[in-house]
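> Next input, structure requested:
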Amino acid sequence: MQIDILEGLNPAQREAAEHLEGPLLIVAGPGSGKTRVITHRIAYLMKRVGVKPFHIVAVTFTNKAAREIRERLFGKSAKDSASPLLSWEWRDLGITVSTFHAFCASHLRRDGHLIGLDRSFVIYDQEDQQSLIKRAMDEAKIDPKRYPTGAIHSAISQAKSVLLDPAQYAATVKSYYEEIVLRIYERYQGLLTQSNALDFDDLILRTVRLLEQSPEALEKYRSRYIHLMVDEFQDTNVAQYALAKLITGKYRNICVVGDPDQSIYSWRNADIRNILSFQKDYPDAKVVNLGENYRSTRNILEAAKGLITPNKARIQRDLWTSKEAGAPIIVKEAHTEEEEAQMVVEEAERLVKREKLHYADCAVLYRINAQSRALEEACLRFGIPYRLIGGLRFYQRKEVKDIIAYLRVIQNPYDEVSLARIINTPTRAIGQRTLEDATAWARARSLPLYAGLQALVDAQGDGVLNPRAVAALDRFLQLMGGLQGEASKLGAADLLDAVVERTGYRHYLMESSSDRGEEQWENVRELRGQAAEIQEMVGEGGLEAFLEKVALVSDVDILDETKDALTLITLHQAKGLEFPAVFIVGMEEGLLPHARSRDDPAELEEERRLCYVGVTRAQQRLYLFRAFRRQLMGGNMPSIPSRFLQDIPRELIATSTTATSPSLPGMISRPGRSTISAGGPRDGASPGPVPLKAGDRVTHKQFGEGIVVSCVAAGADHEVTVAFRSGAGVKRLLLSFAPLQKAE
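Residues are numbered from 1 along each chain as shown. Predicted structure coming up:
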């Protein structure tokens, strides 16, 4: 027996669900039940108002979100006992719930012929697109060394996202670089047409063109889709918003659901202006704010509000919860990323053993994938099961395995698995056929592959290989011979540097990896940081020790990801998820916010939104960790605490910022490191204006002269980080107690 469709909705949710005609903007804060509102509104339109399912469309950004809407409406099967809003039979009555791209692809198959599109088109994925762009550059005689394919691909995608085909893009060109992009764009699009193919951006662009150029199709769609709902509206780009406006141009029943404070995908061409300007586009739009948070404790929500308030590009509104205050926010500093990871796993273990949580209730969020390395090693060392979401384990990532394979062949030339991996990576005109023929020749003579390659080159190919292939193999063997000759003279990190430089591996990543090139290079630099630690311990000739360490980590990495496990995930990938306990690591300037945002106010606001998304994933407990020194990407400079920490109300933070705090069991206090209160005095006093700034010269009676690294509020006091020129190094001091004097 079906219950009342609107039963259980709060007043704001009910108001949104009952709105029938005209534009509707639902500003849904984190944990405010937006999916619940969407599904109840659809059910209300269908069952209470009598709108035919055929006239309703809901578009999302992921198949997971679309599947969740369908399951809440109709259940997972005809025998689902979860009390869905509608019976199973309703699902076959024509309602459309899909992603933007699936929606467009289905209609282009059906009506694309109206704009000259063959319905049998194929959809090219990222790798296909990269290959086609390389071919377009080759045909246009444009050097990929000067113009990386990833950057060109990104520029073309950006043009399509704002509805610029090659001819329209030509009218906007103002620089020589844009002229280059145009030449490649024109040829790339020609090759797509020649192949009867569309890329992902084309699916949206061509559907918009279909509605613009075919009155027949426009009327057909407007008559069918009387009610349109767009989920995660803050993530739409210009083309997607244009599509929504075209479809709803007749009845204007457009309902958009989103939160500008959770707009974190500008690098995918998402345009936050869409949701910020919705009321200008639709002056008569009804606006409903979903401000009640059902996910997080009051302390977590207040921390999130303090964090996001400084942003200017947002819709001001109140967020509140009826939940209890809950546990205070934990803010801590570790000495290194390894200690930071240890703090995480030890606290996760405590939550499981003493607080009766499961490992699956805990998630560790970080800004870039390279940060997972220390966390993975800590989990393996302490026997904590984990799952890595959205990527391979660190040592299984292609770029990491490539560099390790080079080092293994330097160490042991007869490692044929590693040899086969690197012989044409980066590409050096040694194709698969050449490798197969050379392998067969060596096998026939009972030679290891590496020795076989040497003998085959000495024999000038022996009739098996042509001169070009022989020359390519000779260059490869000369490269490896030179590196092998220096292996005993160089430390592990210096040898890794030599491999990267002589193989051109960084350029290879940037050329071949689209927008992931920078991320992959960060992983290589992270690996270099590990090699540097071995080099510092053993000096020259530490290759064997380094490879042994890597092999031990890789060999025991056999955890079953279907079991109860700690979740390791980037902040971007965590959007839409929630966990009882959330750890955000790397709360440092240069990481969060990322260094790339330093000089761009808009990017800095997005970094703040990204942190906000991370904080609001937490239901019961929130931990914010940072490292004093971090080897990440090969660096080892003292870090500066993230500016975002200053925006969290101090009364919400009840523990120390250092690893010496008793709140995390198992931490050992280090001599010479001071413990500083994160919240300072609890009397509510204001710390007053910041008396020092980064770069100021100061003197200390004991430590001598130094340079201020940072000065941040700490309750009623200020926490000052100073790099002293004497052997004292970097110290963190409370200003009210430290005998510091500003030097003139």
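> just for the stretch 151-300 of the chain, where's the confidence low?
Applying pLDDT under 70 to the stretch 151-300 of the chain picks out residues 195.
> in it, which spans are strands?
Remark: strands assigned in the stretch 151-300 of the chain by DSSP state E, counting those that start in this stretch are 197-198, 227-230, 254-258, 286-290.
> next one: the stretch 301-450 of the chain
Per DSSP E, counting those that start in this stretch, the stretch 301-450 of the chain carries strands over the ranges 330-334, 362-366, 386-388.
> Paired strands for the shortest one, with orientation please.
The pairing partners recorded for strand 386-388 under DSSP bridges are strand 566-570 (parallel).
> Equivalent analysis for the second one, please.
Strands that pair with strand 362-366, judged by DSSP bridges, come out as strand 566-570 (parallel), strand 579-584 (parallel).
> right, so of those, which gets closest to residue 175?
Checking the strands paired with strand 362-366 against residue 175 by CB to CB gives strand 566-570 as the closest, at 33.1 Å. Where C-beta positions appear, they are placed from N, C-alpha and C, glycine not excepted.
> gap between the closest one and the chain center?
How far strand 566-570 lies from its chain's middle: 12 Å, per CA atoms, centre = their mean, to the nearest Å.
> Could you give the average pLDDT over that strand?
Averaged across strand 566-570, pLDDT comes to 92.
> Without its sequence neighbours, what residue ends up closest to residue 88?
Of all residues not flanking residue 88 in the chain, residue 78 sits nearest, at 4.3 Å (CB to CB, 6 or more residues apart in numbering).
> tally of neighbours for that neighbour?
Neighbours of residue 78 under the rule other CB atoms under 10 Å: 10.
> what's the answer for the one 5 residues further on, then?
The local packing of residue 83 (other CB under 10 Å) involves 9 other residues.
> ok so, going back, can you redo the strands of the stretch 151-300 of the chain as TSV with distance to residue 142?
Listed next are those as TSV, based on distance: least, CB to CB, whole Å:
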stretch	distance to residue 142
strand 197-198	21
strand 227-230	38
strand 254-258	39
strand 286-290	48
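> Now render the ones you listed as CSV, adding distance to residue 644 and mean neighbour count.
Conversion of those to CSV gives the following (distance: least, CB to CB, whole Å; neighbours: other CB atoms under 10 Å):
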stretch, distance to residue 644, mean neighbour count
strand 197-198, 40, 19
strand 227-230, 30, 24
strand 254-258, 22, 25
strand 286-290, 24, 19
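> For residue 279, give me its contacts.
25, 285, 287 (CB atoms under 8 Å, 6 or more residues apart in numbering).
> between the residues you listed, which is nearest residue 313?
Nearest to residue 313 among the contacts of residue 279, with distances taken as CB to CB, is residue 25, at 16.1 Å.
> Spit out the contact partners of the closest residue to the closest one other than its chain neighbours.
In space, residue 25 comes closest to residue 287 once its chain neighbours are excluded; the distance is 4.8 Å by CB to CB, 6+ apart. By CB under 8 Å, 6+ apart, the contact list for residue 287 reads 24-25, 27, 279.
> ok, so what distance separates residue 287 from residue 110?
Residue 287 is 35 Å from residue 110, where distance means CB to CB, to the nearest Å.
> Which helix or strand contains residue 71?
Using DSSP states H and E, the element containing residue 71 is helix 63-74.
> tell me what that helix is packed against?
Contact here means 3 or more CB pairs under 8 Å, 6 or more residues apart in numbering; DSSP states H and E; on that basis helix 63-74 packs against helix 34-43, strand 56-60, strand 96-99.
> If you average the pLDDT over that helix, what comes out?
On average, the pLDDT along helix 63-74 is 86.
> distance between that helix and the chain's centre?
That offset, for helix 63-74, works out to 24 Å (CA atoms, centre = their mean).
> Make 48 the first number, not 1, from now on.
Okay, using 48 as the starting number, the last item reads as helix 110-121.
> Perfect, that will be all.
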